[in-house]
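Enquirer: Predicted model follows, preceded by the sequence.
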Protein chains: 2
Amino acid sequence: MKHSLVRQHIIETASDLFYQKGYNRTGINEIIKEAGIAKATLYNHFASKEDICLAYLRFRNDLFTKNIRTFVGNAKKGKDQLYALFHFLIEFFAEKDFNGCWCVNTIAEIPRENEKIRKEIQKQKEEFIEFIKELVEKNCSQNTTSENEILAKKVYLIYESSISESKLHQNQWPIATGLSLCKSILN
Amino acid sequence: MKHSLVRQHIIETASDLFYQKGYNRTGINEIIKEAGIAKATLYNHFASKEDICLAYLRFRNDLFTKNIRTFVGNAKKGKDQLYALFHFLIEFFAEKDFNGCWCVNTIAEIPRENEKIRKEIQKQKEEFIEFIKELVEKNCSQNTTSENEILAKKVYLIYESSISESKLHQNQWPIATGLSLCKSILN
DNA sequence: AAAATTGAACAGACAAGTCTGTCTTTAATT
DNA sequence: AATTAAAGACAGACTTGTCTGTTCAATTTT
């Protein structure tokens, strides 16, 4: 297998395990066993478990970003594009391996002083807010940039809550309620 | 030290550590060292680490429930009592050891199949929704019970988001935005 | 020929939980 | 009041097993 493919294979294997079991409860030995590679090979590609964690976060985020942009892009222009965020979430929730937000899960597991991982997570969330802001501007722009920013942050808060709470309660009512809440503020 | 006092001392010590460092990253040895007790003493009071985790969740929840009820009770009657939830959060956020919601943090750390802990967390959250519902009924009741229920869940979602996201971004903007969002739906 | 991968052994820290035997405090009995 | 008994707390060694990360000689791939 080509060098870069091995690397990608490790990332995808570790991503599944980290997302399903959590970061701390997934051991390096489990990753290499599942990936079918030697430990030395893994450490030839990554300097540490933490580096695999970063790759995991980026991999999931890239996939998520791609998918949600496509999904939202297929929705009717106008407020529906914002509502589509929640319809996307309903599909995500229905997947059998749904386990909430990887960022929130990971940040609960790492030491507070781990800036590297925390900064990565914060960056991803800021990008997501930026994406929502673009949707707001395109589909239901307010008077000022600042108002758009605030509205985007509100939608973001609702979205985050929907994903976290649907995981916690193991029920999709938080997504439906989130959508309803979102609709009520887009007037 | 009296039996029940030792038990309480263990719970409080473990609670601090679990909340600050996380459940998996806190070892039994650290708990006994910090509490200044013998390991056999700890296992004389608790059958397992998991049992200490349950006690931790209940301890934090009891304290939280007591404090937020007092705080909200001191607010002016009417919608202010709902807004007080967020003012309470601002004070909570300002504490130097603020680390988000213990339920959300813990649920990210335990195996999915751990029903005991998951059920406890779900129960706590349901009780919290019930509390918000009572506030809604008393202070800005809608036409029907069902509408009160829905409104309570919306406020709950906003609250949860505010606490989680203020931790993630290490900034209080999510609480301010959450309050603003809350105000906009209470009309 | 150079680079990558392999398995396996290894180090050393740390995990949860058990166990032995001693000390101290309190309460019941004589 | 003196003796005895029981309970709980004590230290800490110990078991069993996991963890991340390293090293190395042999083999395979490019």
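Expert: Okay, I see it.

Enquirer: what's the nearest residue to A:Val104 if we skip its chain neighbours?
Expert: A:Ser164 (5.9 Å; Cβ to Cβ, 6 or more residues apart in numbering or on different chains). Any C-beta I mention is one placed from the backbone N, CA and C, and that applies to glycine too.

Enquirer: Can you pull the domain assignment for chain A?
Expert: What the record gives for chain A is the domain set A:1-46, A:57-185, from automatic domain parsing.

Enquirer: Now do the first one, average pLDDT.
Expert: Averaging pLDDT along domain A:1-46 yields 90.

Enquirer: From the chain's centroid, how far away is that domain?
Expert: Mean-position distance between domain A:1-46 and its chain equals 20 Å (Cα atoms, centre = their mean, to the nearest Å).

Enquirer: So which residues of chain A form strands?
Expert: Assigned strands in chain A: none (criterion: DSSP state E).

Enquirer: Show me where chain A dips below the pLDDT cut-off.
Expert: Along chain A, the model assigns pLDDT under 70 to residues A:1-4.

Enquirer: DNA strand D contacts on that one?
Expert: Contacts of chain A with DNA strand D, taken as Cβ under 7 Å from any atom of the strand, map to A:1-2, A:26-30, A:39-40, A:43, A:47-50.

Enquirer: switch the cut-off to 6 Å
Expert: Of all the residues in chain A, those in contact range of DNA strand D (Cβ under 6 Å from any atom of the strand) are A:1-2, A:27-29, A:39-40, A:43, A:48-49.

Enquirer: from these, which single one is nearest chain B?
Expert: Looking at the residues of chain A next to DNA strand D and their distance to chain B, the nearest is A:Gly27, at 12.2 Å (Cβ to the nearest Cβ).

Enquirer: A:Pro174: neighbouring residues, count only.
Expert: 25 (other Cβ atoms under 10 Å in any protein chain shown).

Enquirer: Which residues are in contact with it?
Expert: With contact set as Cβ atoms under 8 Å, 6 or more residues apart in numbering or on different chains, A:Pro174 has these partners: A:161-162, A:164-166, B:153, B:157.

Enquirer: Repeat the analysis, applying 6 Å as the threshold.
Expert: Contacts for A:Pro174 (Cβ atoms under 6 Å, 6 or more residues apart in numbering or on different chains) come out as A:162, A:165-166.

Enquirer: ok, now A:Ile32?
Expert: Taking Cβ under 6 Å, 6+ apart as the test, what A:Ile32 contacts is A:39, A:42.

Enquirer: gap between the nearest residue to A:Lys183 once chain neighbours are set aside and DNA strand C?
Expert: Leaving aside its sequence neighbours, A:Lys183 sits nearest to A:Tyr83 (Cβ to Cβ, 6+ apart; 6.8 Å). Using Cβ to the nearest atom of the strand, to the nearest Å, one obtains 44 Å as the distance from A:Tyr83 to DNA strand C.

Enquirer: how far away is A:Tyr83 from DNA strand D?
Expert: Taking Cβ to the nearest atom of the strand, one finds A:Tyr83 at 40 Å from DNA strand D.

Enquirer: what's the neighbour count on that residue?
Expert: Applying other Cβ under 10 Å, we find 19 residues neighbouring A:Tyr83.

Enquirer: now the one 5 residues further on
Expert: Other residues within reach of A:Phe88 by the criterion other Cβ under 10 Å amount to 20.

Enquirer: how many neighbours does the residue nearest to A:Cys103 when sequence neighbours are not counted have?
Expert: Across the structure, with Cβ to Cβ, 6+ apart as the measure, the residue nearest A:Cys103 apart from its sequence neighbours is A:Ile121 (4.5 Å). A:Ile121 is surrounded by 21 other residues when neighbours are defined as other Cβ under 10 Å.
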